[in-house]
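Asks: Sequence and predicted model, in that order:
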Amino acid sequence: MKTKKQEKIIEKTAECEEQCWIHGSLRVRGRFFKGYVIKKIVKRVAIEFERTVFIRKYERYMKKKTKLHARLPKCLQDQVQVGDYIEIGECRPLSKIIHFVVIKVIRKVNVQQEAKEKK
């Protein structure tokens with residue numbers, strides 16, 4: 001006989017797809033990045049973050065922006081919004097451009113900021 005806790009875990013697993021690092025069989029390994037969500041699509045988010053690159057010729061540093069796409073599991077879809085600061089981790093290639101999965105939301109965007117952006 002299954003306990004209530006085991007039944008809840010089974011229900012969560014059934015709700016969430018296989019390509020979820022929490023409930024599914026997807027393994028996270030390799031590099032981790034943190035960035036701001038710039039675009040949210042049905043099962044995917046695009047994040048952007050700044051990094052500094054050394055230019056040898058001028059012996060100076062330059063800021064560059066990097067954009068990455070990550071899989072958005074069903075269990076995290078309600079939590080992630082455009083403008084949030086999130087962490088993503090590397091996994092096996094899921095499609096042509098998706099090689100990362102969303103791990104957690106670090107900082108939520110303010111509701112007032114979001115209303116200003118829409119106007």
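Replies: Good, I have the coordinates.

Asks: which SS class is the most centrally placed residue in the chain?
Replies: The chain has V102 as the residue nearest its centroid, 2.8 Å off, counting by CA atoms, centre = their mean. At V102, secondary structure determined by DSSP: H, G, I helix; E, B strand; the rest coil is strand.

Asks: Helices of this structure, start to end?
Replies: Here the chain has its helices, by DSSP state H, at 4-15, 111-118.

Asks: Between those helices, which has the poorest mean confidence score?
Replies: Among the helices of the chain, helix 4-15 carries the lowest mean pLDDT, at a mean of 55.

Asks: Contacts only, for R51.
Replies: K63, K64, K65, T66 (CB atoms under 8 Å, 6 or more residues apart in numbering). Placement of C-beta: from N, CA and C, glycine included.

Asks: any idea how far it lies from Q77?
Replies: According to CB to CB, to the nearest Å, R51 stands 28 Å off from Q77.

Asks: What of R29?
Replies: Relative to Q77, and taking CB to CB, R29 is found at 23 Å.

Asks: count of residues packed around L72?
Replies: The burial count assigned to L72 is 24, neighbours taken as other CB atoms under 10 Å.

Asks: between R29 and Q77, who's got more neighbours?
Replies: Neighbours around R29 and Q77, counted as other CB under 10 Å, are more numerous at Q77. The numbers are 14 against 9.
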